[in-house]
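> pasted the sequence and its predicted model underneath.
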2 protein chains.
Amino acid sequence: MCSWKKNVREVVPYVPGEQPKQANVLKLNTNENPYPPAPEVMDAITLVSREDLSRYPDPDCTALREAIGKQYGFTKNEVFVGVGSDEVLSTAFLTFFASDTPILYPDITYEFYPVWANLYGIPFRCPKVDENFRIHKEDYYQKNGGIVIPNPNAPTSIGEPLDFVEDILQHNPDSVVIIDEAYADFSGVSALPLVKKYDNLLVTQTFSKSRSLAGMRIGYAIGQPELIAAMSAVRNSINSYTMNHYALAAGKAAVEADDYFRENVRKICSTREQTAERLRSLGFRFPDSRTNFFFAEHERVPARQLFEDLRKAGILVRYFDRPRVNNRLRITVGTPEQMDRLCQFLEEYLKKN
Amino acid sequence: MCSWKKNVREVVPYVPGEQPKQANVLKLNTNENPYPPAPEVMDAITLVSREDLSRYPDPDCTALREAIGKQYGFTKNEVFVGVGSDEVLSTAFLTFFASDTPILYPDITYEFYPVWANLYGIPFRCPKVDENFRIHKEDYYQKNGGIVIPNPNAPTSIGEPLDFVEDILQHNPDSVVIIDEAYADFSGVSALPLVKKYDNLLVTQTFSKSRSLAGMRIGYAIGQPELIAAMSAVRNSINSYTMNHYALAAGKAAVEADDYFRENVRKICSTREQTAERLRSLGFRFPDSRTNFFFAEHERVPARQLFEDLRKAGILVRYFDRPRVNNRLRITVGTPEQMDRLCQFLEEYLKKN
């Protein structure tokens, strides 16, 4: 083998859900929002001029950070923005977990955590969620180099109350504690009110789910200024300008369209509750979802078979082929019409299988 | 101090040229293109729908990679795209330089190289360019863990011929050799014709300069499929979707608008030659530029003073306060009208200083 190959980094990347190119596929596999972003987002897009495009965007993302801060009661210096919460979390791992002591996160959770940890050489330990997929806060009382708690957790869809998060913070004043709130808008529980109280708390959220902007790649972190400055320094050691003009414009408009956003989240939560009932009556079992998806097993039909047969019928859901979760499907909550198509297919299918 | 702080990564980030918010500033400090992108870019932007925005973009960036490949005679599997050539180069450093032997690049060059090397723990050694800022190819015959050669180099503006690049490749079959061609469209010399011949050659280019899309953040690397696959795996270990819908659409339209691009580059090179003559007659000295900027010192007035007085007059240029280059200004080539404003100011100024 050519000897330059010995210097090539070996990684096992994260594999995202597929983005099919054919039409008429019912896409319930990546937890996207079934509703488009606020109309104001498109208005903001049209204001970006041809001349703007030849100029670098604002490397400090000032207007977007201010808009997010204003929405939640923080200043720009308490807000970091990045290319989806993936870039935000990746940067946070690289910034805060330069530790020899393992970081902690649950064994069943977002599969990107071990990928980042391996890439950046961060040791990690994964306390097991219990047989009902619940995280036990006592597992996070041990010595650690940092903590990541997704709340609600994915793919389990389970959310914990705020005192659960605060208990973990109280037991870990010497660690940066990241609360990954990609789905928190659907649970109504956020650790943002704790940011002023804990200088080691970083809360991450995303525009990809509740704000209907998966296609723009915008995520953010909120924490005290010292945390945000450390992340910004690392980000500025990789790429000075990560957010293009359109992402900056769309993000600001989306966060300011608060009524649209709330109504959109309300509709999805309502569809979730109606669909939960129907799926349970069809023999599916799953935790109460605090997200925009279900983590479901069927009482009779194996998940892998269901996954493949749904796929043949043009309905994409997510299946994770790994221990403890390989009889479960992660199914995104869509519009009522999309949930009808899913449930009607399942009704017919389960009569025959 | 709180003990979580000991696990925070310490970095010295790159500092980009400023992006002023006030109008009527003549911005010659970040080597942006003075002409807007092709009209077809705006047409492509309008085709992105509101519904598209709620869906994740294509994580493989297939259409954009195919369009770039087609332009230069490569397949999609020989093209990597990222958020500006900064993300592309950063990913290449992380992917290919997992070495204990120092990588090599010139001591006077793009200031981001040492930032990435430090962030990723890559040892490096920097052979000195000579008193005329020329790179000596013999300096790259020593044992190394990888090589980065910017051609043309920045901020020196000097370009080397293709046989210079090939000589370095011939002496380094055991290293990945990155040729950073951010400015190559202005020199007319590219190592792309060598890609099929050398499996260890990676060529990086950007849409930010010659294609007038600094504001969209699009860069790319071209190399044999094994190199591109290794970079993609690392990229997919950080963020599955880095390019948003608008970047994908704008990039494709820009690379396909080939006549517009060529005419644009021709205009800038023509303005460069005319401006070079005027600046020399004003007492400036600089290498022949193969880029869209000059690396100039004045025979009498110190660069720092010129930098500050230009700034007061609303003309931004770049000044690097470090040894060997701290009596030089990096001045972007703009439109003929912008160069008139610069030269007219300098004519008056130099009468009095």
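Structure's in. What do you need? Residues are numbered from 1 along each chain as shown, chains lettered A, B, ... in the order given.
> got the contact list for the residue nearest to residue A:96 when sequence neighbours are not counted?
Excluding the flanking residues, the one nearest residue A:96 by Cβ to Cβ, 6 or more residues apart in numbering or on different chains is residue A:176, at 4.0 Å. C-beta here means a position set from N, CA and C on the backbone, and glycine is covered the same way. The contact partners of residue A:176, by Cβ atoms under 8 Å, 6 or more residues apart in numbering or on different chains, come to A:92, A:96, A:97, A:146, A:147, A:200, A:202, A:227, B:4, B:7, B:8.
> can you verify my assumption that the last one contacts residue A:94?
No - in this structure, residue B:8 is not within contact of residue A:94 by Cβ atoms under 8 Å, at 10.4 Å.
> these two: which has the busier surroundings?
For residue B:8 versus residue A:94, the count of surrounding residues by other Cβ atoms under 10 Å in any protein chain shown is larger for residue A:94: 23 against 20.
> how about the strands of chain A, start to end?
Taking DSSP state E, the strands of chain A run over residues A:26-27, A:79-82, A:103-104, A:124-125, A:147-150, A:177-180, A:201-206, A:219-222, A:284-285, A:293-298, A:315-316, A:318-319, A:329-332.
> enumerate every residue touching the closest residue to chain B within the stretch 1-150 of chain A.
The minimum distance from the stretch 1-150 of chain A to chain B, using Cβ to the nearest Cβ, falls at residue A:13 (3.5 Å). Applying Cβ under 8 Å, 6+ apart to residue A:13 gives the contacts A:115, B:232, B:233, B:234, B:235, B:236, B:237.
> buried among these? Make that a ChimeraX selection.
Selection command for ChimeraX covering only the buried members of these, criterion 16 or more other Cβ atoms under 10 Å in any protein chain shown:
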select /A:115 /B:232,233,234,235,236,237
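> kindly indicate which of the contacts of residue A:13 lies nearest residue A:51.
Looking at these and their distance to residue A:51, the nearest is residue B:235, at 30.6 Å (Cβ to Cβ).
> my guess is that closest one contacts residue B:82. True?
Yes - look at residue B:235 against residue B:82 with Cβ under 8 Å: they come within range, at 6.9 Å.
> residue numbers of the stretch 201-350 of chain A in contact with chain B?
The stretch 201-350 of chain A has residues A:208, A:212-217, A:230, A:232-247, A:250 near chain B, with proximity defined as Cβ under 8 Å from any Cβ of the partner chain.
> quick one: buried ones out of the residues you listed?
When neighbours are counted using 16+ other Cβ under 10 Å, these contain these buried positions: A:208, A:212-217, A:230, A:232-247, A:250.
> quickly note the distance from the residue nearest to residue A:96 to residue A:201.
When Cβ to Cβ, to the nearest Å is the yardstick, residue A:176 and residue A:201 sit 8 Å from each other.
> do residue A:213 as well
Looking at residue A:213 against residue A:201, where the rule is Cβ to Cβ, the gap reads 25 Å.
> same check, this time on residue A:332
Summarising the geometry, the distance separating residue A:332 from residue A:201, computed by Cβ to Cβ, is 29 Å.
> again with residue A:50
42 Å.
> ok now stretch A:326-337, how far from the chain's centre?
Averaged C-alpha coordinates place stretch A:326-337 at 16 Å from its chain's average position (Cα atoms, centre = their mean, to the nearest Å).
> what's the closest of the strands of chain A to residue B:46?
strand A:26-27 (24.1 Å).
> quick one: contacts of the closest one?
With contacts defined as Cβ under 8 Å, 6+ apart, strand A:26-27 is touched by A:20, A:314, A:315, A:316, A:332, A:334, A:338, A:341, A:342, B:55.
> beta-bridge partners for the fourth one, please?
Pointing back at residue A:316 there. On the basis of DSSP bridges, residue A:316 takes part in beta bridges with residue A:27.
> list the contacts of it.
Residue A:316 sits next to A:17, A:18, A:20, A:25, A:26, A:27, A:28, A:29, A:310 when contact means Cβ under 8 Å, 6+ apart.
> gap between the third one and residue A:320?
In this view, residue A:20 and residue A:320 are 19 Å apart by Cβ to Cβ.
> what of residue A:138?
Distance from residue A:138 to residue A:320, counting by Cβ to Cβ: 26 Å.
> look at the residue in the stretch 151-300 of chain A positioned nearest to chain B and report its pLDDT.
Taking Cβ to the nearest Cβ as the measure, the point where the stretch 151-300 of chain A comes nearest chain B is residue A:236, at 3.5 Å. According to the predicted model, the pLDDT of residue A:236 comes to 96.
> list the contacts of it.
Under the criterion of Cβ under 8 Å, 6+ apart, the contact partners of residue A:236 comprise A:59, B:13, B:14, B:15.
> nearest to residue B:160, of these?
After measuring those against residue B:160 - Cβ to Cβ - the closest member comes out as residue B:14, at 24.3 Å.
> how many neighbours does the closest one have?
Neighbours of residue B:14 using other Cβ under 10 Å come to 18.
> from residue B:117, how far out is it?
According to Cβ to Cβ, residue B:14 and residue B:117 sit 12 Å apart.
> same check, this time on residue A:131
In this structure, residue A:131 and residue B:117 are 47 Å apart, going by Cβ to Cβ.
> between the two, which has more neighbouring residues?
Higher neighbour count among residue A:131 and residue B:117: residue B:117, with 20 against 7, using other Cβ under 10 Å.
> with adjacent residues omitted, what lies nearest to the more buried one?
In space, and not counting its chain neighbours, residue B:117 is closest to residue B:124: 4.6 Å by Cβ to Cβ, 6+ apart.
> thinking again about what came up before, can you tell me which of the contacts of strand A:26-27 lies nearest to residue A:40?
Looking across the contacts of strand A:26-27 and measuring by Cβ to Cβ, the closest to residue A:40 is residue B:55, at 19.1 Å.
> just checking, the closest one touches residue A:33?
No - at 9.0 Å, residue B:55 and residue A:33 do not qualify as touching, with contact defined as Cβ under 8 Å.
> who's more crowded, the two?
Set side by side, residue B:55 and residue A:33 give different neighbour counts by other Cβ under 10 Å, the larger being at residue A:33 (26 against 20).
> quick one, phi/psi of the more buried one?
Dihedral angles of residue A:33 (phi, psi; degrees, to the nearest 10) stand at phi -80, psi 130.
> could I get the pLDDT score of the residue lying closest to it once chain neighbours are set aside?
If the residues on either side of it in the chain are set aside, residue A:33 comes closest to residue A:212, at 4.0 Å by Cβ to Cβ, 6+ apart. Per-residue confidence (pLDDT) for residue A:212: 98.
> quick check, residue A:212 in contact with residue B:56.
No - with contact taken as Cβ under 8 Å, residue A:212 and residue B:56 are classed as non-touching, separated by 11.8 Å.
> hey, what's in contact with both of those two?
With Cβ under 8 Å, 6+ apart, residue A:212 and residue B:56 have common neighbours residue A:32.
> list the contacts for the closest residue to residue A:290 other than its chain neighbours?
Distances taken as Cβ to Cβ, 6+ apart put residue A:159 closest to residue A:290, at 3.1 Å, once the chain neighbours are dropped. Listed by Cβ under 8 Å, 6+ apart, the contact partners of residue A:159 are A:151, A:152, A:153, A:183, A:184, A:187, A:189, A:290, A:291.
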